[in-house]
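# Sequence first, then the predicted structure:
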Amino acid sequence: SVNPPPTIITSSPEPSTNSVSFCNKSASFQNNSVFGRNLNILLKALLNDTPSPSEMLKKHVQGIDPDKAYGYSQCFFTTVSHGNCSLCIERAVQQIAVECAHAIDVTLFYDDCRVGYGARDKSSDIWEFFNPVLMYDTFRQNLKKVWSMIRQEAPLTKKPVAFAYGATPLDMAFGCAQCYNLSESDCIAQFDGLFNSANYTGARFMAPDQFFRYETSSFFTGGVPFQILAPAQSPLGSMVTPSSSIQPSPKHSHGHVSLLVVILTTIIGGCTLLLVCIFLLLFIKNRHPKLFGSSKVVLEHPSTETKFFKGCLMFSYEALRDATKDFLQENKLGQGSYGVVYKGILYDGSEVAIKHLSRHSTQGNEEFVNEVAIITSIQHKNLVKLKGCCIEGEERLLVYEYMDHKSLDLSLFGTHVLNWKTRYNITVGIASAINYLHEESEPRILHRNIKVSKILLDINFQPKISDFVLARLFPEEQSFIDTTTFLETTGYLAPEATHGHLTEKVDVFSFGVLLFEIISGRKNQEIGLQNETLYIVDKAFRLCEEGRLLELVDPRLEGDYPEDQATNLINIAMLCVQGDAFRRPKMSNVVAMLLDYATIGSPMLQNN
Ligand SMILES: Nc1ncnc2c1ncn2[C@@H]1O[C@H](COP(=O)(O)OP(=O)(O)OP(=O)(O)O)[C@@H](O)[C@H]1O
């Protein structure tokens, strides 16, 4: 029982600017198409007719089949005021124009609202968001208290309700909810189901007729203020008066004076409690900013069982164990220094490569997921797509798209001879992907482990570089030493990198060595060969000096290649493996040289 429930506001009632968009770009439209014009009118209607606290969701339809556009806007009035609702929707529509231009199927979320449109009515889609950090016991207990109040009040009032509970500000649970057109029993049943499956320290559920959200910190932005439930036992000692004792009791009344004393005591006690809470929350916020950081969310799409983290899939360990038949040896694709790679088949039948990381980075769960989410947003047609990740306890796994022809070494050094055109195409693809990582992606990435086994080939022999994610996930010295030790033994390591000098020129050097391998069809280091032919780089410089460059080209091609193109490639490789890092070209220059023979500089004759 809680009486009277004081309210607190711990963050400014500014509408939140966290947004997540889902634009399905597989279907697109032209601005001047009939659908495009319908959509334009529809978006204007959504902007002019925003939801009010009594209806929460607004639907609009524009045009006739087959070019009909359906759209809706929804505000979560538990956290947002009526005025800020229109602002939120306005921002969402603007954001869609930036992020999802021309996509037919779009849903965009802000913390306080969502806007969706498409060629079908999407307004009844249900979405769930999770904070990827698992719940701990005290928080669960506190949430239970919040939940019981929500369950008691939300179904009855149909109005937004918000409660907070916690014996210490560190493990406070903040929750709010609202049911709209649901019957009381349906609303209760939904809440019970949601609470029973709540496993994370933050989550939200968004349906057309129901909304709930809970977090470890206040997320008030002008909707309903949280009512703090009085803790049974408080570390604040006598500062917190149990709610039952602050009630004036007629039995012990001493007339008006004692009633006044009780009221004054109640008010002073309440205010003191409020001030102490605010002070403590601010103190802890300063000391532990992460606890109060803006919530990172994982999304669950209505039509699948999959969870997302800012567009990146989060797999359960169980799902990946099933996909690989309990990491069956037969499904093993290979083993690298970061762990074993398995082939897996997901529940939807799609093939994936699952890397079971054997070394754990020093990052916490949230940092790991954040990092993966950033990398997921990096896209280039010649980078292997990271489909998602899994974090459970000590287990960390990365899920990649499956590449039918596996790694380039298998095709290049195997019995089948790769023709020149394919080799040239592979070279251009790799160069443009490294250039993207160095000069265009956000964040910029040094791969540090470019080599033939990191180039994967899809069904059409299109090359894709793998493991650029690991360059970010394991940036610390430990992995650098391990990686370079390995690179050194296989001849890909730039001389300056042995002294720990890591720049993008280290990748350029490795690319040069790889290029020699592609041209010659032999490993950069052939054990058993004479000293001067042992390393392909040494051999190349010797042949260059002797004017016999083309002897480097794979003899298995039997001369079936354009000589000028081969000469160009060898020259580029030689520029890349120069001992002096400053003389090596940048990857953007390499790409330009690959595509335009005229710009090539003269190869250096000395590899030092
Ligand atoms: N996405 C994928 N699709 C198909 N096969 C893959 C995929 N990713 C990796 N493999 C296979 O798994 C093998 C091991 O890959 P991994 O990247 O772990 O190690 P590596 O490159 O051989 O060595 P290291 O990581 O130590 O440098 C690769 O050689 C490749 O054949």
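On my side now, so go ahead.
# and the longest strand anywhere in the chain, which strands flank it?
Counting residues, the longest strand in the chain under DSSP state E turns out to be strand 19-28. Strand 19-28 has the following sheet partners, assigned by DSSP bridges: strand 103-110 (antiparallel).
# Beyond the strand it pairs with, next helix or strand please.
strand 113-118 (DSSP states H and E).
# quick one: strands adjacent to the next helix or strand after that following strand?
Next helix or strand after strand 113-118 toward the C-terminus (DSSP H and E): strand 127-134. Using DSSP bridges, strand 127-134 pairs in its sheet with strand 200-207 (antiparallel), strand 298-300 (antiparallel).
# I'd like to know how far Phe174 sits from the ligand.
Distance of Phe174 to the ligand, given as Cβ to the nearest ligand atom, to the nearest Å: 41 Å. Where C-beta positions appear, they are placed from N, C-alpha and C, glycine not excepted.
# again, but for Val513
Plainly put, Val513 is 14 Å away from the ligand if you go by Cβ to the nearest ligand atom.
# looking just at contacts, which helices and strands does the helix or strand encompassing that residue meet?
Taking DSSP H and E as the criterion, Val513 maps to helix 504-520. Using 3 or more Cβ pairs under 8 Å, 6 or more residues apart in numbering; DSSP states H and E, the elements in contact with helix 504-520 are helix 408-412, helix 420-435, helix 536-545, helix 563-576, helix 587-595.
# Give me whichever of the ones you listed is most buried.
Most buried of those, by mean neighbour count (mean count of other Cβ atoms under 10 Å): helix 420-435, with a mean of 22.
# related to what we said a few turns ago, what's the angle between the helix holding Val513 and helix 563-576?
Helix 504-520 and helix 563-576 are oriented at 150 degrees to each other (axes from the mean of the first three to the mean of the last three Cα atoms, to 10 degrees).
# change the start of the numbering to 22 and stick with it
Sounds good: first residue 22 from here, last item helix 525-541.
# returning to that earlier point: kindly calculate the angle that the helix or strand just after the longest strand of the chain makes with strand 124-131.
Going down the chain from strand 40-49, the next helix or strand is helix 55-69, by DSSP H and E. Counting by the same axes, to 10 degrees, helix 55-69 lies at 20 degrees to strand 124-131.
# where's helix 55-69 relative to the chain centroid, distance-wise?
Chain-centre distance of helix 55-69: 31 Å, with Cα atoms, centre = their mean, to the nearest Å.
# Pairing partners for the helix or strand that that helix is followed by, with directions?
Remark: after helix 55-69, the chain's next helix or strand is strand 78-83, criterion DSSP H and E. Strand pairing for strand 78-83, determined by DSSP bridges: strand 90-96 (antiparallel).
# Just put the strands paired with strand 148-155 in a markdown table and tack on distance to the ligand and mean pLDDT.
As requested, the strands paired with strand 148-155 are arranged in a markdown table below (distance: least, Cβ to the nearest ligand atom, whole Å; pLDDT from 0 to 100):
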| stretch | distance to the ligand | mean pLDDT |
| --- | --- | --- |
| strand 221-228 | 29 | 85 |
| strand 319-321 | 23 | 42 |
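# got JSON lines for these, with mean neighbour count too?
Shown next, in JSON lines, are the strands paired with strand 148-155 (neighbours: other Cβ atoms under 10 Å):
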{"stretch": "strand 221-228", "mean neighbour count": "22"}
{"stretch": "strand 319-321", "mean neighbour count": "22"}
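# ok, back up a step: lowest average confidence across the helices and strands packed on helix 525-541, which one?
Mean pLDDT is lowest for helix 557-566 among these, at a mean of 86.
# and the angle for that helix with helix 525-541?
70 degrees.
# Who are the packing partners of helix 557-566?
Under the contact definition 3+ Cβ pairs under 8 Å, 6+ apart, helix 557-566 sits against helix 525-541, helix 552-555, helix 584-597.
# Convert the C-alpha atoms of it to PDB, please.
Extracted C-alpha coordinates of helix 557-566, given in PDB (Å, rounded to 0.1, in the frame of the first residue of the first chain):
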ATOM      1  CA  ILE A 557      57.500 -14.100 -53.100                       C
ATOM      2  CA  VAL A 558      58.300 -10.500 -52.400                       C
ATOM      3  CA  ASP A 559      62.100 -11.200 -52.700                       C
ATOM      4  CA  LYS A 560      61.500 -13.100 -55.900                       C
ATOM      5  CA  ALA A 561      59.400 -10.200 -57.400                       C
ATOM      6  CA  PHE A 562      62.100  -7.600 -56.800                       C
ATOM      7  CA  ARG A 563      64.800  -9.900 -58.300                       C
ATOM      8  CA  LEU A 564      62.700 -10.500 -61.400                       C
ATOM      9  CA  CYS A 565      62.000  -6.800 -61.700                       C
ATOM     10  CA  GLU A 566      65.700  -6.000 -61.600                       C
END
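# quick one: the longest strand of the chain to chain centroid distance?
That offset, for strand 40-49, works out to 15 Å (Cα atoms, centre = their mean).
# ditto for stretch 93-109
Averaging C-alpha positions (Cα atoms, centre = their mean) puts stretch 93-109 26 Å from its chain's average.
# Figure out the length between the terminal residues of it.
Using Cα to Cα, to the nearest Å, one end of stretch 93-109 lies 13 Å from the other.
# Which residues of this protein lie near the ligand?
354-355, 357-359, 362, 374, 405, 421, 423-424, 427-428, 470, 474-475, 477, 487-488, 507 (Cβ under 6 Å from any ligand atom).
# Which among the residues you listed count as buried?
Those of those that meet the buried threshold are 354, 357, 359, 362, 374, 405, 421, 423-424, 427-428, 470, 474-475, 477, 487-488, by 16 or more other Cβ atoms under 10 Å.
# which intervals of the stretch 122-271 of the chain have sub-threshold pLDDT?
153, 242, 252-271 (pLDDT under 70).
# 80 instead?
For the stretch 122-271 of the chain, applying pLDDT under 80 flags the ranges 149-156, 178-179, 188-192, 218, 239-246, 251-271.
# Show me where it has its helices.
158-178, 205-217 (DSSP state H, counting those that start in this stretch).
# what would the strands paired with strand 148-155 look like in a markdown table with distance to Lys526?
A markdown table is the format used below for those (distance: least, Cβ to Cβ, whole Å):
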| stretch | distance to Lys526 |
| --- | --- |
| strand 221-228 | 43 |
| strand 319-321 | 38 |
